[in-house]
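>>> coords please:
(chains A and B)
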There are 2 protein chains.
Amino acid sequence: MASNASDPRIHAESASTGTVEADSASNRVTTALSGGVAGAEALARLLAPVLAALAAGARDRGGPAPVGRPAALDEAWRTAIAAPAGGAAPAGGLAPADGVGAVAALTELVRLFAAGSVDPADPRCAAHLHCPPLAVAVAADLAASALNPSLDSWDQAPISTTLEPAVVADLADLAGYPPTADGVVTTGGSESNLLGLLLAREHAVRARTGTSAVREGVPLGRYRIFASAVTHFSVHRAAGLLGFGEDAVVPVRTGRDHRLDPEALDEALTRAEEAGELPIAVVATAGTTDLGAIDPLPAIADVAAKHRTWLHVDAAYGGGALFSSALAPLLAGLSRADSIGLDLHKLGWQPVAAGVFLTRAATNLAALARRAEYLNPADDEDAGYTSLLGRSLRTTRRPDALKIAVTLRALGRAGLGALVDRCAALATHAARTITAEPTLELYQPPVLTTVVFRFRGGSGSPSGSGSPDEVNARLRRTLLATGRAVVGRTEIDGRVWLKLTLLNPNTTEADVDGLVADVVAAGTAAADTEPGEDAT
Amino acid sequence: MASNASDPRIHAESASTGTVEADSASNRVTTALSGGVAGAEALARLLAPVLAALAAGARDRGGPAPVGRPAALDEAWRTAIAAPAGGAAPAGGLAPADGVGAVAALTELVRLFAAGSVDPADPRCAAHLHCPPLAVAVAADLAASALNPSLDSWDQAPISTTLEPAVVADLADLAGYPPTADGVVTTGGSESNLLGLLLAREHAVRARTGTSAVREGVPLGRYRIFASAVTHFSVHRAAGLLGFGEDAVVPVRTGRDHRLDPEALDEALTRAEEAGELPIAVVATAGTTDLGAIDPLPAIADVAAKHRTWLHVDAAYGGGALFSSALAPLLAGLSRADSIGLDLHKLGWQPVAAGVFLTRAATNLAALARRAEYLNPADDEDAGYTSLLGRSLRTTRRPDALKIAVTLRALGRAGLGALVDRCAALATHAARTITAEPTLELYQPPVLTTVVFRFRGGSGSPSGSGSPDEVNARLRRTLLATGRAVVGRTEIDGRVWLKLTLLNPNTTEADVDGLVADVVAAGTAAADTEPGEDAT
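Next up, the predicted model:
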């Protein structure tokens, strides 16, 4: 480590020359810790090769995605690790007996990683809800990694123990919740949906039997969860995990726009009650993955209240609309939910994970309460040493709230809202371009920032060989394998559709038009290609 | 952003001068993305203030923990955010309407964060299993954040989709598993224990009823899980989550050394079977949180086999011993488990999260299988586009495997083993020092890297006011509140004990002796203080 620990600037030169340090110095760098004043200096030395490798890997890739099919890409990185270029480092794969040193490992693996990743910051990468993160959020997150607090006890995370609730409180307020609300940062919508249904289970079982389903193995076979037919599969997974079984999720009819029909919900609940089943929760969606559909929350809240059923809103995607004064009205009724999940790693530009689970009343979190003598003994709590142990199913837990806090403070709510508005405008533009293109069919005007459409080419039966479905599937794989574009794909009513998920606020209208043109070109080629063969 | 995008070195000067950039330039920095070549440059600009703030915060703290009681520390950061020093930034708390800009937000919040955290890289921070991370792992993790891959589909994570299984395979091999083994990276031991019990549930329910407990809500009230009386509470949490109820966990007797008694296990299983209960799993622990106790795995595996019961080994802590040729024999029998959890954010020096779940046969993961048309359509899989969706309960999931891969390659297995050995040697030294100190009582010689002991002072009843228990509890709070040391605490057989968790390989024997002397001094003061009052 350098002597001047007070000036931790990145030492790019030591990395870019590629010289191997003398053994002992190299070993000091390799085993340096990230904490303390000296840690900042050690990080400065090692972040230089990381940033250089990120840039080099991006240049190697030269576009939104690596060129090649999966097997070839897999082979490529394994070969590179087995015999690195230059031959300076020994072979031995990922876990050799003796190491190659920190700078060498970072330089080679991060470059391969960057070259072999898709980059959501490239305008032609527009398939999924994995957003391009803000650099400020990534930079803030480094601090959390460097000091490695764990939120299961105060004495592992003093400031984080109050910072996370403060961030959660601000987001609860944004969602329209009263000050009695509370919550926790999660790994994402799947964990938030699980927590919502766990609390709903506890609420319903306690009300019905007076016992705790967390404590006792009560029969769960008659309980039912009601959600739209297009609810996220993590709702099913949660039902399976919690002992209800996935079949306990009752699919409720939606319109062609994928919005849950409140009348159908009311009927389904009534029918279940008449059959002796026990409704435990209604799950509404604010922003489906494909269409961004937002269920009619006020009407659903009415139905849930009528049937005295827990209402959980999966706002993993749509929750970001709260930052936009133009789009926030779409979420009217959200605050009537008993629990809500938001993902700031979608419309919030955070690196994963930045999920947030909220519940209307802090007392609902009692189902998660936990006492552990080595973490939150009662007399420590009496002395003011609070703990977040009783808010999460995880024990060790990193403070993902830090990057959220820094981002909120850096951009402000208005700044994030401007990014949301920009992506929504790009979706509107994409829909217009697609509508104007005769070879493409738009599914419907966009709600949030996704655009669902398909290429009209292909022949024969709707889904057989050479069919429109196959052509759409193949054109997408071709764009991916040639590294030209990463376009999404889904299935609606048994047909294959393409999807642009526009989460990059730096994308221009011209970029969108280019992306649409790429799809048309690939579609035309795919329709002309031998059925079953992906064009490249 | 600077023009020279090919040379992304940190621009420390722009941060250290504290000048506010012109509005438009500031806004560009604030909303810059982390991807691509330009992203590396943007990160360089923003990492400079982060590293400076980490160093400044460490100096502000001046030791292992912030000085002050929780309420005062909470008040301090909130005040600082409401009215930052210098007055350059507007007030408005964490989520103001308009932002303060990236550099300002990072500079102030990361410095407060560092000053308000405990630092596991400080030798006097030795309470818990939150390790001081290696700088190389933290640096590698930045790359994962910058590109933000998500492991739920190939086209969000091309290289990560094969890198994670490669890392998992290397760790499965290290654990002695055959090539048929498989697994997944998790958020930690709690998630790994949950996965182990989920697979065990599916295995037992299928064998007994021919149906899937994931699919259907089968009665779970008669199933039982067997674990030592000191098993981690996440086993209970998993049982509660999975519908068994926490009461389904049958505590099995251990010796004073906290190792499960295989004969008692055999008896408990036999008794349960005779009572018509259905044993679903045995959970053994390889490294308890307090004593580092490792259950007798070969004998337990025999008992589990005899009763045809799933064996899950929670090796979250002890799994790190696999890197050490001296300590690995303690884990003999591990490979007979049906599933294993390891945490490389404990004896692996990773920032959280770096849990690993392993199972002996990849086919066991069928309980997690999932098809989603927008993520892993069948024809894409046929074309070679594999997906890790069916390995995790999470959907969006960051590639924590990257930092593990880089660390393994940088240090090698031997390098990590040397760190494990060093920490074990420190524990042995600490035990020796404690034994030589008449005012301290050692619980037992250390097994891994924890040392449990207590101060002998105090009077009256064992646990009342002014009692030995209260004195030990108070002396620990005093060390914490005065920022002198972060020492662990637990309860064994109803008595309060102190604990050193030695995970810092840079700690010296003199550091350990100083820490023990701090405890003695604080204990002496606490014994002399008015009962009920914490000394400061």
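
>>> for chain A, what are the low-confidence residue spans?
Residues of chain A that meet the criterion pLDDT under 70 lie in A:1-23, A:83-92, A:460, A:462-464, A:530-536.

>>> what do you get if the cut-off is 90, keeping everything else the same?
A:1-29, A:81-93, A:457-466, A:527-536 (pLDDT under 90).

>>> where is the longest helix in it?
helix A:401-436 (DSSP state H).

>>> how far is that helix from where the chain is centred?
16 Å (C-alpha atoms, centre = their mean, to the nearest Å).

>>> name the helices or strands packed onto it?
helix A:135-147, helix A:158-174, strand A:440-442, strand A:450-455, helix A:509-528, helix B:23-30, helix B:102-115 (3 or more C-beta pairs under 8 Å, 6 or more residues apart in numbering or on different chains; DSSP states H and E). In short, each C-beta sits where N, CA and C put it, glycine included.

>>> buried ones in it?
A:401-413, A:415-424, A:426-427, A:429-434 (16 or more other C-beta atoms under 10 Å in any protein chain shown).

>>> give the contact list for the residue of chain A found nearest chain B.
Closest approach between chain A and chain B, counting by C-beta to the nearest C-beta: residue A:243, at 2.0 Å. Contacts for residue A:243 (C-beta atoms under 8 Å, 6 or more residues apart in numbering or on different chains) come out as A:213, A:220, B:213, B:217, B:220, B:242-244.

>>> tell me which of the residues you listed is nearest to residue B:231?
Comparing these against residue B:231 with C-beta to C-beta places residue B:244 closest, at 14.2 Å.

>>> relative to residue B:254, how far out is the closest one?
Using C-beta to C-beta, to the nearest Å, we find residue B:244 at a distance of 22 Å from residue B:254.

>>> who has more neighbours out of these two?
Set residue B:244 next to residue B:254 and count neighbours by other C-beta atoms under 10 Å in any protein chain shown: residue B:244 wins out with 25 against 20.

>>> hmm, that one is touching residue B:280, no?
Yes. Residue B:244 lies in contact with residue B:280 (C-beta atoms under 8 Å); the separation is 7.5 Å.

>>> what touches both of those two?
With C-beta under 8 Å, 6+ apart as the test, residue B:244 and residue B:280 both reach B:201, B:223-225.

>>> how far does stretch A:111-124 sit from its chain's centre?
With C-alpha atoms, centre = their mean, you get 17 Å for stretch A:111-124.

>>> are that stretch and chain B in contact anywhere?
Yes. Stretch A:111-124 comes into contact with chain B (C-beta under 8 Å from any C-beta of the partner chain), by way of A:112-122.

>>> could you export the residues you listed as CSV, including distance to residue B:473 and neighbour count?
Putting the residues of stretch A:111-124 next to chain B into CSV (distance: C-beta to C-beta, whole Å; neighbours: other C-beta atoms under 10 Å in any protein chain shown) gives the following:
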residue, distance to residue B:473, neighbour count
A:112, 51, 24
A:113, 47, 28
A:114, 50, 29
A:115, 54, 24
A:116, 52, 27
A:117, 49, 30
A:118, 52, 32
A:119, 52, 30
A:120, 49, 30
A:121, 51, 28
A:122, 55, 24
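
>>> mind listing what residue A:267 touches?
Residue A:267 neighbours (C-beta under 8 Å, 6+ apart): none.

>>> no, scratch that, I was asking about residue A:400
Neighbours of residue A:400 in contact, by C-beta under 8 Å, 6+ apart: A:141, A:144, A:185, A:350, A:353-354.

>>> out of those residues, who has the most neighbours?
Within those, most neighbours by other C-beta under 10 Å means residue A:141, with 30 neighbours.

>>> give the contact list for that residue.
Residue A:141 touches A:351, A:400, A:402-403, B:142, B:145, counting by C-beta under 8 Å, 6+ apart.

>>> can you tell me how far it sits from residue B:143?
The gap separating residue A:141 from residue B:143 is 12 Å, by C-beta to C-beta.

>>> before we move on, the earlier item: show me how to select, in PyMOL, the buried members of the contacts of residue A:243.
PyMOL command restricting the contacts of residue A:243 to the buried ones, with burial defined by 16+ other C-beta under 10 Å:
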select buried, (chain A and resi 213+220) or (chain B and resi 213+217+220+242+243+244)
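
>>> what's the closest non-adjacent residue to residue A:181?
residue A:172 (4.0 Å; C-beta to C-beta, 6 or more residues apart in numbering or on different chains).

>>> could you identify the most distant pair in the contacts of residue A:243?
Greatest spacing in these, by C-beta to C-beta: A:213 and B:213 (15.2 Å).

>>> give me the neighbour count for residue A:270.
14.

>>> do the one 5 residues further on as well
Residue A:275 is surrounded by 9 other residues when neighbours are defined as other C-beta under 10 Å.

>>> same deal with residue A:253?
13.

>>> contacts only, for it.
Contacts of residue A:253 (C-beta under 8 Å, 6+ apart): A:228-229, A:260-261, A:264.

>>> repeat that with 10 Å
The neighbourhood of residue A:253, defined by C-beta atoms under 10 Å, 6 or more residues apart in numbering or on different chains, consists of A:228-229, A:260-261, A:263-265, A:267-268.

>>> narrow the residues you listed to those in helices?
Per DSSP H, the contacts of residue A:253 map to helices at A:263-265, A:267-268.

>>> quick check, residue A:203 in contact with residue A:281.
Yes. If you go by C-beta atoms under 10 Å, residue A:203 and residue A:281 touch, sitting 8.6 Å apart.

>>> list residues touching both of those two?
With C-beta under 10 Å, 6+ apart, residue A:203 and residue A:281 have common neighbours A:309-310, A:338-339.

>>> who wins for neighbours among those?
That'd be residue A:339 among the shared contacts of residue A:203 and residue A:281, by other C-beta under 10 Å, with 29 neighbours.

>>> surely that residue is in contact with residue A:356?
No. Under the criterion of C-beta under 10 Å, residue A:339 makes no contact with residue A:356, lying 11.1 Å away.

>>> what's the burial count for the nearest residue in space to residue A:129 that is not next to it in sequence?
Spatial nearest neighbour of residue A:129, excluding adjacent residues (C-beta to C-beta, 6+ apart): residue A:346 at 4.7 Å. Residue A:346: 30 surrounding residues under other C-beta under 10 Å.
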